[in-house]
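# Sequence and predicted structure below; questions after.
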Amino acid sequence: MSPVRPIPDPFQFELFGLIAEPKPEVVEAQKNGQRRRGPRHQPKGEVYDLQVFFDVINQVMFKGGLPQPVIRWSRNRWRYTLGLCEVERCVVTLNDALDDARVPEMVVAGVMHHEMLHLYFGVSEGPNGGRRYHTPEFRAAEKMFPAYTSVEEWLRDNWPMRGRPAKKPRPSSGGFLQYLSMMHAG
Ligand SMILES: [Zn+2]
């Protein structure tokens, strides 16, 4: 595991400058998504509450500028996919296999950050008219996540998870989200 890196300041402000005005279509999709929120689409899992992840990352990495999406765990555990973002519907779904006490908090945070960047950047048109999601700008912003390298390493060594999931709450004190919040306060 490499040590957690601080956010480089110039990049941080560049990103923050961009996020000050959420795109109108994102705001509209958010309203539509909120109306569709049903009792089976709750962000609270058995181990992790995704709403808490969204709130902290939105404050620290997006200056609170992202509108609230529908956030949910997948109904079934997926084999490989970590998460999905439906940009037009403003829905973020994380693989329920990550709601597991064996998965570090920073990994859930890293996946959430990736999906939140999709909300932020939206869909771009590629040179051949195709849809592009992971543009160079997207990849650059992704690397600003403080634990980016550590998350990549953990996923390389541990994903996909094998064996029975540990569905028990993790002790919350001293966790990665707390560390992120402190960066915001400091
Ligand atoms: Zn993606």
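Received, thanks.

# which residues are in contact with stretch 99-114?
Applying Cβ atoms under 8 Å, 6 or more residues apart in numbering, the external contacts of stretch 99-114 come out as 4, 45-48, 50, 53-54, 56-57, 61, 73, 82-83, 92, 94-95, 98, 142, 145, 147-148, 150-151, 154-155, 158, 161, 165-170, 175-177, 180. The way it works is simple: take the backbone N, C-alpha and C, and place the C-beta from them, glycine included.

# Tell me which of these fall in strands.
Among the contacts of stretch 99-114, DSSP state E puts Trp73, Gly83, Val92, Leu94 in strands.

# Centroid-wise, who is the farthest residue in the chain?
Relative to the C-alpha centroid of the chain, counting by Cα atoms, centre = their mean, Asn128 is the outermost residue, at 28.6 Å.

# and it, helix, strand or coil?
For Asn128, the secondary structure call by DSSP: H, G, I helix; E, B strand; the rest coil comes out as coil.

# For stretch 150-160, buried residues please.
With burial defined by 16 or more other Cβ atoms under 10 Å, the residues of stretch 150-160 counted as buried are Ser150, Val151, Glu152, Trp154.

# Compute the distance between the residue nearest to Leu94 when sequence neighbours are not counted and Ser74, please.
Excluding its sequence neighbours, the residue lying closest to Leu94 (Cβ to Cβ, 6 or more residues apart in numbering) is Gly83, at 4.4 Å. According to Cβ to Cβ, to the nearest Å, Gly83 stands 9 Å off from Ser74.
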